[in-house]
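>>> sequence below, structure please.
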Amino acid sequence: MLKLLIVDDELIIRNGIRGIIDWTQYGYEICGEAEDGPSAVETILKLQPDLVLLDLHLPGFSGLEVVKKTRADSTDNKNIHFLIITGYAEFEYVKEAINLDVDGYIEKPIDENILTERITSIAKKIKMKDPEEHRQMQFREIMEGGYKEEINGPLCFNSEYVQAVFVSVENQPSEEAARQMQILRNFFQKDICHIFPYKEFTVFLFEDMPETAIKRLLEDFCDYLEKNGACCAVTLGSRYREEKVQPGSGIQKTCREAEKLMENIFFYRGKKYLSLDDLRDKKSAGPDWDNDETVKKLCSYIQAVDLKRIRSFFEELEASFFRSGKKPQEIRQECMELMIEVHGELLKKFPALREKPGTGRETLDAIMRQRYLGVIVDTMTESCLQISGSLPLLSADLSFQRIISYVKNNYNEDLSLETLGQLFYYNGAYLGKRFKEFTGKNFHTYLDTLRIDAAKEMLQNTDMKVYEISSAVGYANTDYFYSKFKKYTGKSPMVLRKEE
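Okay, here's the model as predicted:
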């Protein structure tokens with residue numbers, strides 16, 4: 001859109017000009033107003049409008065003085081166009097306006113048809129001054145859905161087929177981002193394609209180049225980026241035919257497709273560039289995973305220092321996300337929630353983890369910052385491996401001390417020799433034998449002792465009801481808890497509480 005500034009000392013006239021025509025229909029947006037000569041000059045210099053609709057007689061100094069002062073300030077301001085509006089038609093004013101190279105002179109009351117004719121002519125004059133600038137402007141109009149040939153002039157693109165490449169620079173400090181942007185601009189020359197800035201992307205638009213040639217060029221381009229240390233995401237829209245009855249439609253289609261692909265590049269870490277063909281094998285709407293069970297499973301692997309299962313867990317999680325049909329932001333949020341809950345569960349059992357690296361804010365920051373799901377999963381995997389390696393599970397008897405530590409920290413779970421055997425790769429019967437050798441007690445006695453000791457502490461230090469304590473220490477059946485409690489303490493839970 002071209003920027004229009006309205007200058008008149010009467011509010012009713014300024015409002016009338018705003019409503020006399022649909023300015024957007026003719027490619028203009030009203031960027032501001034002024035009501036006298038000094039404020040007009042100040043506003044023009046500040047807003048740099050493309051066209052000023054200017055009353056000739058203003059408080060302070062005249063409209064012609066506004067033109068003189070504006071253009072005297074800077075050579076850049078000589079490109080600002082002025083359309084004079086006045087109720088006076090004296091020849092001297094007209095002659096002076098012509099000498100100042102204004103773009104027209106309209107008498108009040110304003111005729112809608114004459115105004116439309118003048119502003120359309122001025123719009124074409126502005127856009128035809130610089131062919132490259134005109135092309136840039138037409139591209140913006142096409143992408144915004146506002147291109148009209150009668151307003152924006154004949155299409156600057158004379159191709160039968162068009163195909164767009166979108167490039168997004170990785171999140172970087174501004175200086176580094178500018179360096180990387182220059183690297184990719186240096187690769188493509190204007191005689192090969194047109195280059196446009198669009199949103200946070202750089203767009204390379206190819207005209208009538210075979211798709212196979214573009215793909216070969218992209219292979220070289222991606223190698224060039226890697227060689228120069230530029231971290232960019234690259235997508236390729238499909239090849240579309242330009243329709244003569246709807247100029248710009250092909251450009252809009254290929255660009256919209258390449259832009260949409262940027263949302264999917266999150267899932268494709270290994271791709272040099274992403275095209276629509278790469279998505280055809282991607283399934284969607286896969287099953288959700290149970291968050292509570294997932295947290296419990298991962299915590300078990302971490303405590304068991306089972307590095308193989310930790311890695312396998314995250315490989316399966318990445319595959320699940322890939323098939324899920326979820327958007328990147330949803331996945332990032334779920335990854336953050338998983339790490340927060342796992343970290344929280346482990347801190348309850350291992351408070352010293354709070355001081356260990358890889359367990360805090362840096363992991364969550366990486367989840368939100370990294371471009372690719374694969375890198376996010378790698379970050380989460382590494383964090384969990386670090387946590388697992390730092391747990392105080394190691395002693396003279398390496399493997400069995402880990403098992404004892406696991407039981408101590410998870411006595412309230414549904415534990416058995418079979419589940420421990422699966423987790424730590426032991427035969428259940430052999431594990432039971434080693435357990436008694438190592439602790440002096442059989443497994444079930446050792447587990448009951450941990451649970452009853454925890455229950456005694458809760459009876460003495462909390463107001464929890466007996467059935468709540470029973471569940472909290474791992475007994476689903478309250479009657480069974482009563483019998484176990486009396487067996488190990490010689491008293492019922494209520495008697496013990498009263499004695500304390």
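>>> list the contacts of the closest residue in space to residue 477 that isn't next to it in sequence.
Sequence neighbours aside, residue 470 is the residue nearest to residue 477 in space, at 7.6 Å (criterion: Cβ to Cβ, 6 or more residues apart in numbering). Any C-beta I mention is one placed from the backbone N, CA and C, and that applies to glycine too. Contacts here follow Cβ atoms under 8 Å, 6 or more residues apart in numbering; on that basis residue 470 touches 455, 476, 477, 478, 481.
>>> the fourth one reaches residue 466, doesn't it?
Yes. Here residue 478 lies in contact with residue 466, judged by Cβ atoms under 8 Å, at a distance of 6.7 Å.
>>> quick one: which of these two has more around it?
residue 466 (18 against 15; other Cβ atoms under 10 Å).
>>> got the contact list for the more buried one?
By Cβ under 8 Å, 6+ apart, residue 466 lies in contact with 459, 478, 481, 482, 493, 494.
>>> try it again at 6 Å.
If you count contacts by Cβ atoms under 6 Å, 6 or more residues apart in numbering, residue 466 has them with residue 493.
>>> do you know how far it is from residue 496?
Look at residue 466 and residue 496: by Cβ to Cβ, to the nearest Å, they are 10 Å apart.
>>> related to what we said a few turns ago, doesn't the residue nearest to residue 477 lie inside a helix?
Yes. Under DSSP: H, G, I helix; E, B strand; the rest coil, residue 470 falls within a helix.
>>> give me the residue ranges of the stretch 351-500 of the chain where confidence is low.
Low-confidence segments of the stretch 351-500 of the chain, defined by pLDDT under 70: 352, 355-360, 392-399, 500.
>>> may I have the strands that pair with the longest strand along the chain, each with its orientation?
Identified as the longest strand of the chain according to DSSP state E is strand 161-169. Take DSSP bridges as the rule and strand 161-169 pairs in its sheet with strand 201-207 (antiparallel), strand 232-236 (antiparallel), strand 240-241 (antiparallel).
>>> this structure: strands as residue ranges?
With strands called from DSSP E, the chain shows them at 2-7, 28-34, 51-55, 81-86, 105-107, 161-169, 194-198, 201-207, 232-236, 240-241, 274-275.
>>> residue 410 is nearest to which of the ones you listed?
Comparison of the strands of the chain against residue 410 by Cβ to Cβ identifies strand 232-236 as nearest, at 42.6 Å.
>>> please enumerate residues in contact with that closest one?
Strand 232-236 is contacted from outside by 165-169, 225, 258, 261-262, 265, 273-275, using Cβ under 6 Å, 6+ apart.
>>> what distance do you get for the residue nearest the centre of the chain to residue 257?
When Cα atoms, centre = their mean is applied to the chain, the residue found nearest the centroid is residue 329 (6.9 Å). The gap separating residue 329 from residue 257 is 21 Å, by Cβ to Cβ.
>>> so residue 478 touches residue 467, yeah?
Yes. Between residue 478 and residue 467 there is a contact at 4.6 Å, judged by Cβ atoms under 6 Å.
>>> residue contacts, residue 22?
Applying Cβ under 6 Å, 6+ apart to residue 22 gives no contacts.
>>> tabulate the strands of the chain (a markdown table), appending distance to residue 41 and mean neighbour count.
Output for the strands of the chain, formatted as a markdown table (distance: least, Cβ to Cβ, whole Å; neighbours: other Cβ atoms under 10 Å):
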| stretch | distance to residue 41 | mean neighbour count |
| --- | --- | --- |
| strand 2-7 | 10 | 23 |
| strand 28-34 | 8 | 18 |
| strand 51-55 | 10 | 25 |
| strand 81-86 | 12 | 22 |
| strand 105-107 | 20 | 15 |
| strand 161-169 | 39 | 24 |
| strand 194-198 | 31 | 17 |
| strand 201-207 | 37 | 21 |
| strand 232-236 | 44 | 23 |
| strand 240-241 | 47 | 15 |
| strand 274-275 | 51 | 20 |
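>>> distance to residue 119 added to these, as a markdown table?
As requested, those are exported to a markdown table (distance: least, Cβ to Cβ, whole Å):
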| stretch | distance to residue 119 |
| --- | --- |
| strand 2-7 | 8 |
| strand 28-34 | 7 |
| strand 51-55 | 7 |
| strand 81-86 | 7 |
| strand 105-107 | 10 |
| strand 161-169 | 30 |
| strand 194-198 | 26 |
| strand 201-207 | 29 |
| strand 232-236 | 38 |
| strand 240-241 | 33 |
| strand 274-275 | 43 |
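>>> dump those into TSV; add distance to residue 71 and mean pLDDT as well.
Compiled in TSV, the strands of the chain are given as follows (distance: least, Cβ to Cβ, whole Å; pLDDT from 0 to 100):
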stretch	distance to residue 71	mean pLDDT
strand 2-7	15	93
strand 28-34	16	93
strand 51-55	11	93
strand 81-86	9	87
strand 105-107	17	82
strand 161-169	38	89
strand 194-198	29	88
strand 201-207	34	91
strand 232-236	42	90
strand 240-241	44	92
strand 274-275	49	92
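>>> compare these and give me the one nearest residue 376.
Between residue 376 and the strands of the chain, the shortest separation by Cβ to Cβ is 14.6 Å, and it involves strand 232-236.
>>> the residue nearest to residue 83 when sequence neighbours are not counted: how many residues sit nearby?
Nearest residue to residue 83 in three dimensions, chain neighbours excluded: residue 104, at 4.8 Å (Cβ to Cβ, 6+ apart). Under the neighbour criterion other Cβ under 10 Å, residue 104 is assigned a count of 17.
>>> surely residue 104 and residue 81 touch.
No. With contact defined as Cβ under 6 Å, residue 104 and residue 81 do not form a contacting pair (9.0 Å).
>>> could you list the buried residues of the longest helix anywhere in the chain?
Of all the segments of type helix in the chain, defined by DSSP state H, the longest one is helix 328-349. Neighbour counts over helix 328-349 (16 or more other Cβ atoms under 10 Å) mark 328, 331-332, 334-336, 338-339, 341-343, 345-346 as buried.
>>> likewise stretch 239-252?
So stretch 239-252, judged by 16+ other Cβ under 10 Å, has buried residues 239, 240, 242, 247, 248, 249, 250, 251, 252.
>>> and stretch 370-377, by the same measure?
Residues of stretch 370-377 classed as buried by neighbour count (16+ other Cβ under 10 Å): 370, 371, 372, 373, 374, 376, 377.
>>> please report how far the third one lies from residue 122.
Which is residue 372. Residue 372 is 48 Å from residue 122, where distance means Cβ to Cβ.
>>> returning to that earlier point: ok, the contacts of residue 470 vs residue 66, which is closest?
residue 476 (86.4 Å).
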